[in-house]
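Asks: sequence unknown, structure follows:
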RNA sequence: GGAGAGGUGCCAGAGUGGCCGAAUGGGGCGCCCUGCUAAGGCGUUGUCCGUGUAAAGCGGACCGAGGGUUCAAAUCCCUCCCUCUCCGCCA
């Protein structure tokens, strides 16, 4: 949520920042919010004045009663004011609800350094190779779903039988590889990050804090009977870990990491990436997340980029780092980078991580604040997160990049400790 | 799922309609006292909204959440959530 007071006091600069997102309806929403805010403050003023008078009259009634005098006249005035107050309170609740809904749908203000752009085509490659297909051998040009089926490590058909389209299932060494990737990502960050095993089902409030609700409800699985949602990412429960709390400045930054399943309806992606493991309704991911002071945030963003890229680089996968432009920035994002891995078999750059800084946008929604020593009052914290490792796409990239001429897949050495001694996944006939 | 108990400030805990934003104790912070420590004395200690250039001040709200009754609600009524105990069920 953006700061409504900032919108109130500096509407022009807020509008200018929002305009950079190249989404025309956003400005209309901002203007709508501004109008609602004005109305709400008018109501507040009148309602508080009425309330103040009622409080005063109530004291008079008490005094009159104690003096054994008639209080009926005072009570009558108070009654009338009470009626007026009730009307105002109703309108207040109504306006507030609409304002809240509008505010929840207004995206975050992009950081000044984010490059201007209309969409994903304008994202800038910050680091890494422009794709050079020639350097890949023919035996690497086999899509992972083919290799996976041949090696018996991916059983998409049965996954579909069990759960329907866009679910996947790994078997044997393939299942071990998926789990190894999780373990690897967790172990690599355990030096500074507390491991959390969060719930996979969360409340509406939790999913609202991070920004998935209310605007992207269609993307999440809901469990209506119990008013719960399946998490689309561990970002949701991790961010709400400190919801409603006031953190001491000296305790920041706090760093968390979590393995979790992620559930996505992929409502807008019907027909896309239907084969293999590039897009599915359920996948595993290791997420890292930090809550910081505003000053700590930029350095934390750098730390996240470093950690994620090193993690990928040490697997031996070709990757590149992109800075997301204003037109492609997610709703909650203040600034973000994507890490993409090249998969030669399907000839695609696969997004395996998104590193994001949310400024105080999520913290305001989730009410995560910090207190500075010696200073009165509180302020909103900053949140950042990154996928440390999105399992299926990295799995796919490994199977494609490390496929050898005989159809085997060589396991990256950093994963050997987690593979029960297996270093190469060989075709059945040569085992 | 059934029965019972309970949710009050940083913590413990009092408060059953007005003088309660809330006793008391502990903790924290500040000052004083003491050679040091211990003990002690005095003071102070929440959040949010509106108003205000800001501070001060003023007004409002907050005793799990939401609604209701009343001139007036921490206190009475209703619904929900959560915690604890016992029973049942279960990994």
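Replies: All right, it came through fine. Note that the structure is predicted; figures quoted are calculated from it, not measured. Numbering: from 1, shown residues only, chains lettered A, B, ... in the order given.

Asks: make it CA atoms for all contacts and neighbour counts henceforth
Replies: OK.

Asks: low pLDDT regions in the stretch 201-350 of chain A?
Replies: Per-residue confidence for the stretch 201-350 of chain A (pLDDT under 70) gives no ranges below the cut-off.

Asks: residue A:192 reaches residue A:253, doesn't it?
Replies: No. Using C-alpha atoms under 8 Å, residue A:192 is not in contact with residue A:253, being 10.7 Å away.

Asks: comparing those two, which residue is more hemmed in?
Replies: residue A:253 (19 against 11; other C-alpha atoms under 10 Å).

Asks: now the phi/psi pair for the nearest residue to that one once chain neighbours are set aside, please.
Replies: Closest residue to residue A:253 apart from its sequence neighbours, by C-alpha to C-alpha, 6 or more residues apart in numbering: residue A:292 at 4.4 Å. Main-chain dihedrals, residue A:292, degrees, to the nearest 10: phi -130, psi 170.

Asks: tell me what residue A:292 is bridged to.
Replies: In this entry, residue A:292 is beta-bridged to residue A:382, by DSSP bridges.

Asks: any idea how far RNA strand B is from it?
Replies: 17 Å (C-alpha to the nearest atom of the strand, to the nearest Å).

Asks: distance from the helix or strand harbouring residue A:50 to the middle of the chain?
Replies: Assigning secondary structure by DSSP states H and E places residue A:50 in helix A:24-66. Computed by C-alpha atoms, centre = their mean, to the nearest Å, the separation of helix A:24-66 from the middle of its chain amounts to 35 Å.

Asks: what is the next helix or strand after it packed up against?
Replies: Next in sequence after helix A:24-66, counting helices and strands by DSSP H and E, comes helix A:72-105. Here helix A:72-105 touches helix A:24-66, going by 3 or more C-alpha pairs under 8 Å, 6 or more residues apart in numbering; DSSP states H and E.

Asks: how about the residues of chain A by RNA strand B?
Replies: Contact residues (C-alpha under 7 Å from any atom of the strand) of chain A with RNA strand B: A:5, A:41, A:44-45, A:48-49, A:51-59, A:61-62, A:65, A:75-76, A:78-79, A:82, A:376-379.

Asks: ok, back up a step: next, the angle from the helix holding residue A:50 to helix A:72-105.
Replies: Helix A:24-66 runs at 160 degrees relative to helix A:72-105, counting by axes from the mean of the first three to the mean of the last three C-alpha atoms, to 10 degrees.

Asks: which elements pack onto helix A:24-66?
Replies: Applying 3+ C-alpha pairs under 8 Å, 6+ apart, one finds that helix A:24-66 contacts helix A:4-9, helix A:11-19, helix A:72-105.
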